[in-house]
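Asks: Let me see the structure of the following:
(chains A and B)
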Amino acid sequence: SQKIEQNSEALNIQEGKTATLTCNYTNYSPAYLQWYRQDPGRGPVFLLLIRENEKEKRKERLKVTFDTTLKQSLFHITASQPADSATYLCALDTAGGFKTIFGAGTRLFVKA
Amino acid sequence: EPEVTQTPSHQVTQMGQEVILRCVPISNHLYFYWYRQILGQKVEFLVSFYNNEISEKSEIFDDQFSVERPDGSNFTLKIRSTKLEDSAMYFCASRSASGGAFGTDTQYFGPGTRLTVL
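Replies: Model (predicted):
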């Protein structure tokens, strides 16, 4: 079955630094991959989608890369701020988009 | 900005009771989803719904669960006989069907209903 793995350990970084989060997947060749942000007690919020034919996607301070050979996506937040502290989820759509599988998420703490 | 709404925000029930969780998806969306998240665990897919029928369901979505779109605006999840392990946050999501590849459509999540089974 398809699996998504994200760093289970929390990531602690200093304000202004770049945070890099990793997502690895197995037993699947997705056409695209998504990243979401989740705050405690809230629903996931969509951030970025990257397609298999795109190496990199940017949105403001966010950057996502997608390596289909390594079966890996990296998610970067540059010039991080305490407000970026949250859990970041990687997700894949399967079954023609009718089923989304989420990774367990990586908790990011940005210290002022 | 349009948003997905869910009611109630918190539901407490006794084991064995039926519960109905309600969602109002974004009005022009055609694809609907339910997910659950047990405290401290990952978001798990339950079911997707399109064109008035279930498109996909997970192994979690057994005969105790059902979904319905009773009118043009609501999307409900019913759990017939709740168990202690059904305690979780339940999220509804919706997605539009725009022209072009399906993958360009974003899923919008509601704020969730926290279900506590005693």
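
Asks: Indicate the residue of chain A located nearest to chain B.
Replies: Per C-beta to the nearest C-beta, the residue of chain A with the smallest distance to chain B is A:Gly43, at 3.4 Å. Where you see a C-beta, it was placed from the backbone N, CA and C, and this is true even at glycine.

Asks: And the pLDDT for the closest residue to that residue other than its chain neighbours?
Replies: Closest residue to A:Gly43 apart from its sequence neighbours, by C-beta to C-beta, 6 or more residues apart in numbering or on different chains: B:Phe109 at 3.4 Å. B:Phe109 is assigned a predicted lDDT (pLDDT) of 95.

Asks: picking that back up, show me the contacts for the residue of chain A closest to chain B.
Replies: By C-beta atoms under 8 Å, 6 or more residues apart in numbering or on different chains, the contact list for A:Gly43 reads B:Val4, B:Phe91, B:Ala93, B:Phe109, B:Gly110, B:Pro111, B:Gly112.

Asks: Widest-spaced pair of those?
Replies: Greatest spacing in those, by C-beta to C-beta: B:Ala93 and B:Pro111 (11.3 Å).

Asks: okay, these two: which has more neighbours?
Replies: B:Ala93 (27 against 17; other C-beta atoms under 10 Å in any protein chain shown).

Asks: B:Phe109 is in contact with that one, correct?
Replies: Yes - assessed by C-beta atoms under 8 Å, B:Ala93 is found in contact with B:Phe109 at 4.7 Å.

Asks: what's the overlap in contacts for the two?
Replies: Common contact partners of B:Ala93 and B:Phe109 (C-beta under 8 Å, 6+ apart): A:Gly43, B:Val4, B:Tyr35.

Asks: Filter those residues down to the ones in strands?
Replies: B:Tyr35 (DSSP state E).

Asks: got the residues of chain B near chain A?
Replies: Counting by C-beta under 8 Å from any C-beta of the partner chain, the residues of chain B close to chain A are B:4, B:31, B:33, B:35, B:41-45, B:48, B:50, B:55-56, B:58, B:89, B:91, B:93, B:95, B:101-112, B:114.

Asks: Looking at these, which are in strands?
Replies: Taking DSSP E as the definition of strands, the residues of chain B next to chain A contribute B:31, B:33, B:35, B:44-45, B:48, B:50, B:55-56, B:89, B:91, B:93, B:95, B:108-109, B:114.

Asks: Just the closest of the residues you listed to A:Pro30, please.
Replies: For those, the nearest to A:Pro30 is B:Phe45 (14.7 Å; C-beta to C-beta).

Asks: What is the burial count for that closest one?
Replies: B:Phe45 has 23 neighbouring residues, counting by other C-beta under 10 Å.
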